[in-house]
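Engineer: With the sequence up front, the predicted model follows.
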Amino acid sequence: MYRIKEMSDVFVDACIRTETGELMFLSCYGRDTAIQQFLAAFSLGPQEGGLLQFTLLDNPPKAHLVRIGAHERLTKLTGRLPKANLFGNLTHTWIYDPALTNAGLDPLTLPRAFCCLYWRLLSNFVLTTP
């Protein structure tokens with residue numbers, strides 16, 4: 001799991017970026033309020049406490065810079081984990097560029113990791129839009 005340096009209590013298990021570091025897919029976990037704060041930071045300007053980019057930290061700490069780019073292009077889906085899980089009441093959120101799910105794309109052109117993650121997410125969770 002990766003930590004987000006700029007946001008406390010939000011953890012990332014998968015991230016896909018373009019060659020220039022722009023966000024294409026992000027899978028993250030956290031309490032509902034922490035996730036809502038993270039999503040709100042996408043649409044706010046930096047002078048209002050928003051984010052233009054964020055840093056993923058792994059263990060041992062190594063920084064991975066992720067640029068958000070135009071936040072309007074990103075789709076956000078959230079789902080809640082069952083309350084009786086080991087970690088308590090958690091929200092799982094996926095943020096992705098809809099171009100990745102374009103039906104006109106050949107699946108072989110998509111990153112293999114994204115295909116596997118997307119299939120797992122769709123087959124295991126009921127998704128709701130925030």
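Structural biologist: Received the coordinates, thanks.
Engineer: So which residues of this protein form helices?
Structural biologist: 32-43, 112-124 (DSSP state H).
Engineer: mean pLDDT lowest for which of those helices?
Structural biologist: Taking the mean pLDDT of each of the helices of the chain, the lowest value is held by helix 112-124, a mean of 53.
Engineer: Excluding residues flanking it in the chain, which one is nearest the residue positioned nearest the centre of the chain?
Structural biologist: Centroid-nearest residue in the chain, with CA atoms, centre = their mean: Leu26, separated by 2.6 Å. Of all residues not flanking Leu26 in the chain, Ile95 sits nearest, at 4.4 Å (CB to CB, 6 or more residues apart in numbering). Placement of C-beta: from N, CA and C, glycine included.
Engineer: Quick check, that neighbour in contact with His71.
Structural biologist: No. Taking CB atoms under 8 Å as the definition, Ile95 is not a contact partner of His71, at 9.3 Å.
Engineer: Now do stretch 76-90: distance to the chain's middle.
Structural biologist: Put simply, stretch 76-90 sits 15 Å off its chain's centre (CA atoms, centre = their mean, to the nearest Å).
Engineer: Kindly report the same for stretch 16-33.
Structural biologist: 3 Å.
Engineer: ok, and what's touching that stretch?
Structural biologist: Residues from elsewhere that reach stretch 16-33, judged by CB atoms under 8 Å, 6 or more residues apart in numbering: 1, 4, 9-15, 35, 38, 53, 65-69, 74, 80-81, 89-97, 99-100, 111, 113-114, 117, 121.
Engineer: same deal with stretch 83-95?
Structural biologist: Outside stretch 83-95, the residues within contact range by CB under 8 Å, 6+ apart are 23, 25-32, 35, 38-39, 42, 74-81, 121, 125, 127, 130.
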